[in-house]
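> what's the 3D shape of this:
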Amino acid sequence: MTSVEQIRSDFPILKDLIYLDSASTSLTPKQVVEAMNEYYYRYNANVGRGAYRIAIESGEKVEEIRGKIAKFINAEDEEIIFTKNTTEAINTVANGLNFEKGDNICVSNMEHHSNLIPWLNLKQIGVEVNIVEANSEGVVENSEIEKHVDDRTKLVAINHISNSLGSIQDIETIEKIAHENNSLFLVDGAQSLGHTKIDVERINADFMACPGHKGLLGPVGTGFLFLKEDIANDLKPTNLGGGTITNVNGHDFTLENIPHRFEGGTQNISGIIGLGRAIDYINNIKVSNIEKHCSNLTKKIWELFLNIEGLTLYGTPKNTHSIVSFNIEGVNPYDASKILDETGNICVRSGFHCAIPGINHLNADGTVRVSVHYYNNMSDIEKLAKLTEEITKMFSS
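Predicted coordinates for the structure are as follows:
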């Protein structure tokens with residue numbers, strides 16, 4: 001097994017700081033950067049637009065990586081659409097499905113804005129949005145989902161792991177509720193892919209939106225949409241142009257096969273190359289080891305923080321993964337984050353985490369969020385807890 005200490009040297013930035021904001025953007029190992037550099041140095045050419053050798057090589061590499069992603073989540077190659085992030089993937093579904101006036105969409109109040117705003121935007125064409133409230137621990141109870149799903153529900157969209165709390169949703173049961181109602185089912189996998197094993201055949205999602213720059217340790221500006229093959233033709237491409245058609249005849253055109261009809265224009269080729277190398281990197285460590293390590297770190301944060309007076313913790317240690325949100329009594333979350341950075345070189349997120357409804361649900365005016373990955377160790381957590389306790393004492397005196 002590749003140990004944490006063995007891989008820390010792959011992240012040069014860790015020499016200067018403690019990075020605990022992987023839920024926003026994870027660090028990128030040297031191997032990924034080198035793979036991207038190799039593209040630029042050796043076969044920097046566009047995809048599908050040239051018959052010369054390096055253009056062919058570039059295209060082959062991109063399709064090879066599509067296959068790597070498919071294998072990683074147990075999908076078919078044709079079910080993977082490259083996007084620049086989770087937001088674009090979700091908007092591809094929101095703008096491409098044939099929603100009609102009177103349809104409704106079921107989402108929770110614990111969603112990242114990227115899995116909420118695209119659905120709220122459809123209200124302008126008469127689509128209703130049923131928002132399910134989570135319990136006090138940030139968990140969306142199945143019985144509440146059932147109350148909000150009816151014969152007009154076209155889609156149920158849910159995050160697997162909340163980006164604001166780290167609370168884990170029961171997506172397998174929610175899938176059954178959706179499909180028993182003949183509704184489509186979308187999973188926001190932004191905080192879970194790379195942290196826990198995901199098999200799209202087992203969870204039976206119709207769509208899954210994922211980024212490359214979080215759990216997968218890939219470059220920013222990368223991501224993908226999983227689109228189940230048997231419903232692929234129900235989704236219309238909304239970004240038409242170069243690479244999306246096979247022929248233009250007068251005033252008509254013929255669409256490319258799926259998935260290429262959804263990938264209009266020049267893609268982030270170097271980013272996709274880096275994402276492929278990142279998946280190799282994750283596979284070398286093994287997702288099961290990442291899951292176990294991050295789970296242990298999460299438990300350690302809860303254990304140490306529960307012993308600090310003056311802290312408010314959100315969620316529950318029984319059902320959070322890789323993310324812990326808290327506040328220090330009498331201290332604005334932004335100020336707490338700045339103090340941790342300026343006095344301890346500790347990077348954490350503060351604010352609403354692009355999840356305003358979820359944070360409001362906690363009756364909080366923002367939180368401090370700690371999020372971990374495999375490159376973090378127990379020393380990082382102990383230093384965080386020690387400095388956090390010092391801050392609480394400073395403001396309580």
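> What segments of the stretch 51-200 of the chain are helices?
53-73, 86-96, 117-120, 142-148, 171-180, 200-203 (DSSP state H, counting those that start in this stretch).
> So which of the ones you listed is the most surrounded?
Burial of the helices of the stretch 51-200 of the chain is given as mean neighbour count (mean count of other C-beta atoms under 10 Å); helix 86-96 ranks first at a mean of 22. In this view, the C-beta of every residue, glycine as well, is placed from N, C-alpha and C.
> Which strands and helices lie in contact with it?
Using 3 or more C-beta pairs under 8 Å, 6 or more residues apart in numbering; DSSP states H and E, the elements in contact with helix 86-96 are strand 80-83, helix 117-120, strand 184-188, strand 207-211, strand 223-227.
> In the last one, which residues are buried?
Right, the one you point to is strand 223-227. Burial within strand 223-227, assessed by neighbour count using 16 or more other C-beta atoms under 10 Å, is assigned to Gly223, Phe224, Leu225, Phe226, Leu227.
> elements contacting that strand?
Looks like strand 223-227 contacts strand 80-83, helix 86-96, strand 207-211 (3+ C-beta pairs under 8 Å, 6+ apart).
> Listing partners with orientation, what would you give for the last one?
I take that to be strand 207-211. Sheet pairing for strand 207-211, assigned by DSSP bridges, gives strand 184-188 (parallel), strand 223-227 (antiparallel).
> repeat for the shortest one
Taking DSSP bridges as the criterion, strand 80-83 forms sheet pairs with strand 223-227 (antiparallel).
> Extract the C-alpha trace of the partner strand and format it as CSV.
Taking C-alpha atoms only, strand 223-227 is exported to CSV below (Å, rounded to 0.1, in the frame of the first residue of the first chain):
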residue,chain,number,x,y,z
GLY,A,223,-15.1,17.0,-15.0
PHE,A,224,-17.7,14.8,-16.7
LEU,A,225,-21.3,13.9,-16.9
PHE,A,226,-22.3,10.2,-16.7
LEU,A,227,-25.4,9.8,-19.0
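> so after that strand, what's the next helix or strand?
strand 245-249 (DSSP states H and E).
> still on that earlier bit, of all the helices and strands packed on helix 86-96, which lies closest to Val140?
Proximity to Val140, assessed across these by C-beta to C-beta, is greatest for strand 184-188 (12.3 Å).
> What residues of the closest one count as buried?
Within strand 184-188, the residues that count as buried by 16+ other C-beta under 10 Å are Leu184, Phe185, Leu186, Val187, Asp188.
> would you list the residues you listed in CSV and tack on distance to Glu57 and pLDDT?
Conversion of those to CSV gives the following (distance: C-beta to C-beta, whole Å; pLDDT from 0 to 100):
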residue, distance to Glu57, pLDDT
Leu184, 38, 98
Phe185, 38, 98
Leu186, 35, 98
Val187, 34, 98
Asp188, 34, 98
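> Closest to Asn115 out of those residues?
Nearest to Asn115 among the buried residues of strand 184-188, counting by C-beta to C-beta, is Asp188 at 4.5 Å.
> For that closest one, give the beta-bridge partners.
In beta-bridge terms (that is, DSSP bridges), Asp188 pairs with Asn159, Ala209.
> Okay, buried residues for the lowest-mean-pLDDT helix or strand in the chain please.
Of all helical and strand segments in the chain, the minimum by mean pLDDT, DSSP states H and E falls on strand 245-249, at a mean of 91. For strand 245-249, burial by neighbour count (16+ other C-beta under 10 Å) applies to Ile245.
> Repeat that for stretch 21-28.
Asp21, Ser22, Ala23, Ser26, Leu27, Thr28.
> and stretch 93-109, average pLDDT?
Averaged across stretch 93-109, the pLDDT comes to 98.
> What sits closest to Glu34 if chain neighbours are left out?
Ranked by C-beta to C-beta, 6 or more residues apart in numbering and with sequence neighbours excluded, the top spatial neighbour of Glu34 is Arg277, at 7.8 Å.
> So the closest residue to Asn181 other than its chain neighbours versus Cys294, what's the distance?
Leaving aside its sequence neighbours, Asn181 sits nearest to Val149 (C-beta to C-beta, 6+ apart; 5.0 Å). According to C-beta to C-beta, to the nearest Å, Val149 stands 32 Å off from Cys294.
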